[in-house]
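Asks: sequence and predicted structure below; questions after.
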Amino acid sequence: MKLPIVVYPDKRLKEISKEVAVFDTALHTFLDDMYESMMSSNGIGLAAIQVANPIRVLIVSLPDEEGNQSKESLLEVINPRIVSSKGSIFYQEGCLSVPGFYEDIERFESIELEYQDRYGEVHMLEAEELLSIALQHEIEHLQGKLFIEKLSYSRRKKFEKEYKKKLKENKK
Ligand code: Y12
Ligand code: CO
């Protein structure tokens, strides 16, 4: 089932997500619904809070060289913890909860991540470049943070002005 995406400035995006303790079929159905919601919106990453569920769950599906996002390469990440981080990288980020806005954001170039899968099994993952960026972006959602909060004061002001104008136009 496709779930509606919560869009900025909705206050629910500020919620701190809770640890997952039960890895049951309800969680599996929710993960499948997140996948459907992300794919039908042309996303490559989605956190549970973006579909109004404040639990520490995120998914990432990076396109391959041909631009295809296969279900086999879908990464389901539950209760993530960044164990170590290295370097710095800039990338033009976008977010399904902030439609139509893209901005260069600085992240760690590589991270080491501990997380659980849909069955509660613990995994370690070394991620770099785009995967590392996507994971950091989604993990910040679990902390109630959006990438626009990393903008400088002047870029943030410019964004707020343009975004509000666009929201008004879309209401007409
Ligand atoms: C690198 C940087 C950021 C991430 C986080 C995941 N972000 C997304 O999946 C963003 C998707 C997105 C898709 C949109 O829709 C279309 O392009 C059709 C979109 O559209 C509009 O804003 C109109 C915006 C964002 C992962 C990796
Ligand atoms: Co996002």
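Replies: Arrived safely. Ligands and ions are numbered 1, 2, ... in the order given.

Asks: quick one: the helix ranked longest in the chain to chain centroid distance?
Replies: Counting residues, the longest helix in the chain under DSSP state H turns out to be helix 153-171. Taking CA atoms, centre = their mean, to the nearest Å, one finds helix 153-171 lying 21 Å from the centre of the chain it belongs to.

Asks: ligand 1 contacts on this structure?
Replies: Counting by CB under 6 Å from any ligand atom, the positions of the chain adjacent to ligand 1 are 42-45, 91, 93-96, 99-100, 130, 133-134, 137. (Glycine included, C-beta is placed from N, CA and C.)

Asks: let's see which of those residues end up in helices.
Replies: Per DSSP H, helices hold the following members of the residues of the chain next to ligand 1: Leu130, Ile133, Ala134, His137.

Asks: follow-up on the earlier one: just the buried ones from the residues of the chain next to ligand 1, in ChimeraX syntax?
Replies: Typed into ChimeraX, the next command selects the buried ones out of the residues of the chain next to ligand 1 (criterion: 16 or more other CB atoms under 10 Å):
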select :43,44,45,91,93,94,95,96,133,134,137
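
Asks: which one of the ones in helices among the residues of the chain next to ligand 1 sits closest to Ile148?
Replies: His137 (11.3 Å; CB to CB).

Asks: so the closest one sits against Cys95, correct?
Replies: Yes. Contact criterion CB atoms under 8 Å: His137 and Cys95 qualify, at 7.2 Å.
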